[in-house]
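Task: produce atomic coordinates for the following.
(one chain, ligands or ions: 1)
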Amino acid sequence: MSTATPAEITPDYVQRLTGRGRRFESTVRSPCWGGEYSAEDYAQDLAAVAQRPSETLSLYVHIPFCAGRCLYCGCNTTVTHDSERMDAYLDTLDREMAMVAERINGDRDVLQVHLAGGTPNYLSEAQLTRLTEMLERRFHIVPDTECSMECDPRRTSAGQLELLHALGFRSIGFGVQDLDPDVQRAIGRIQSEELIRDVYWMARDIGFDSIGFDLIYGLPQQSAATFERTLDTVLELAPDRVACFGYARKTLDGPHQHAIDVHELPDNAERERLFRAAVAAFTQAGYTWIGLDTFALETDDLALAQAEGRLHRNCIGYTATPSAHLAGLGAGAIGELRGTCVQNQPDLQTWQQEVDAGRIPVDRGHKLSDLDRRRRDAISHLICNLELPHEMADGCLDDEYRRLAAYAGDGLVEALPHGLRVTEAGRFFLRELCTEHDAYFHWDRARWHFSPSE
Ligand code: SF4
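The predicted model follows:
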């Protein structure tokens, strides 16, 4: 068996392998879901969950509004400056919550609430308060419910952060992306280092339990030198968690990304160097590297969960407190309920019309087959624990297991008596390795493939 080390992974090899992985934002990627799952099916699934009050529930709430469009953005969001439009959205969201809570038995304790978008903190303080009250009225939010939220540093203030903390949010994630002014200009998102420092220290002083930063590598104008400066500043601030995502160019879904000049994008080899720089910087500073792309201080829940083998990943990301069901609320929200991946109508108007007509606004869903579940469990185990025991593949995923085992020749995995383990070299290609277990990825791979010559 080859014992290739990271140093032996050539730029050619990186070029060949990179882009063969997909994001794991849901068990089966939504473009691959069938169209046969209806609002009635979802209502039945909610009713079935109601019969199992001991099964745990989490909520994902999507707020699809932003003040402007960042050029790299791949989110389902709308640019607006109309606060009344957001009021109307909350009206509809409240009716959707009522429909879902009534069917699912909203009395059970909610484990986690996560607000994302869009820009949830683009809502006014009154709207944020109203949203929290709506959730509390429709669902059983308890003091132990983990409430987290994505936050745009450009739209927050000490007053807003104090309010969020008072409303029960304990975990907050700031979109930092990159601190270099040229990179920021190239991606249409200007936020000075001073602003990030101010916002960070406000959140620290207020007492949030967990402060996270999102960074992106592979952006236009980014170089090893600029990214290093961003990493230095982030390390100096020492957030509890850092997620470091690769920029995924998807111009079919987000035509505004055409405004990014492809000639300013780092190529695959440079992207890989940037990510390696992040891994080196965070691990040397004492952060634990979590699964694919997340770094957490050793005392953080995610780091403890990974060390104890109880780390999970769902549509929200990595979590130490997985729930049996995740209900998505709001336009385009994704959830997973009773082994079915579900997405709401992504179009704001259609979503609103469905709710107004008294229908749960489901766009589509994918009921996982037994084989899908085996794949999901295998991918989840790999992506969280960096290993795949024999018995998870036995009998039905043998081909996938063999394909994965073949990477031992490149030094990306190693064979152990009980199964396969991802090596240190293989960790940099974890996304690609997990994709060997994804039967659906080939469906529209072209839409996701990163190509600097696009
Ligand atoms: S990146 Fe965030 S803030 Fe920027 S447009 Fe997308 S959702 Fe809005």
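
Restricting to C-alpha, output the lengthiest helix in the chain in PDB.
Ranked by residue count and defined by DSSP state H, the top helix of the chain is helix 83-104. The C-alpha trace of helix 83-104 is given here as PDB (Å, rounded to 0.1, in the frame of the first residue of the first chain):
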ATOM      1  CA  SER A  83     -39.700  46.700   6.000                       C
ATOM      2  CA  GLU A  84     -43.400  46.200   5.400                       C
ATOM      3  CA  ARG A  85     -42.500  43.300   3.100                       C
ATOM      4  CA  MET A  86     -40.700  41.700   6.000                       C
ATOM      5  CA  ASP A  87     -43.700  42.300   8.200                       C
ATOM      6  CA  ALA A  88     -45.900  40.500   5.600                       C
ATOM      7  CA  TYR A  89     -43.400  37.700   5.500                       C
ATOM      8  CA  LEU A  90     -43.600  37.200   9.300                       C
ATOM      9  CA  ASP A  91     -47.500  37.200   9.000                       C
ATOM     10  CA  THR A  92     -47.300  34.300   6.500                       C
ATOM     11  CA  LEU A  93     -44.500  32.600   8.500                       C
ATOM     12  CA  ASP A  94     -46.700  32.700  11.600                       C
ATOM     13  CA  ARG A  95     -49.600  31.000   9.700                       C
ATOM     14  CA  GLU A  96     -47.100  28.300   8.400                       C
ATOM     15  CA  MET A  97     -45.800  27.800  11.900                       C
ATOM     16  CA  ALA A  98     -49.400  27.300  13.100                       C
ATOM     17  CA  MET A  99     -50.100  24.700  10.400                       C
ATOM     18  CA  VAL A 100     -47.000  22.800  11.200                       C
ATOM     19  CA  ALA A 101     -47.200  23.000  15.000                       C
ATOM     20  CA  GLU A 102     -50.800  21.900  14.900                       C
ATOM     21  CA  ARG A 103     -50.000  18.800  12.900                       C
ATOM     22  CA  ILE A 104     -46.700  17.800  14.600                       C
END
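
helices and strands around it, which ones?
Taking 3 or more CB pairs under 8 Å, 6 or more residues apart in numbering; DSSP states H and E as contact, the helices and strands that helix 83-104 lies on are helix 39-50, strand 57-63, strand 65-66, helix 125-138, strand 325-329, helix 348-356. Just so you know, the C-beta spots here come from the backbone N, C-alpha and C atoms, and that holds for glycine as well.

Skipping adjacent residues, who's closest to R95 in space?
Setting aside the residues directly before and after it, R95 is nearest to V355 in space (CB to CB, 6 or more residues apart in numbering), at 5.2 Å.

residue contacts, that neighbour?
Taking CB atoms under 8 Å, 6 or more residues apart in numbering, we find V355 in contact with T92, R95, E96, M99, P361.

before we move on, the earlier item: now the helices and strands packed on helix 83-104 as JSON lines including distance to M149 and mean pLDDT?
Output for these, formatted as JSON lines (distance: least, CB to CB, whole Å; pLDDT from 0 to 100):
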{"stretch": "helix 39-50", "distance to M149": "25", "mean pLDDT": "94"}
{"stretch": "strand 57-63", "distance to M149": "9", "mean pLDDT": "97"}
{"stretch": "strand 65-66", "distance to M149": "14", "mean pLDDT": "98"}
{"stretch": "helix 125-138", "distance to M149": "9", "mean pLDDT": "98"}
{"stretch": "strand 325-329", "distance to M149": "14", "mean pLDDT": "96"}
{"stretch": "helix 348-356", "distance to M149": "21", "mean pLDDT": "97"}
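
can you tell which of these is closest to the ligand?
Across these, the minimum distance to the ligand, taken as CB to the nearest ligand atom, is reached by strand 65-66, at 3.3 Å.
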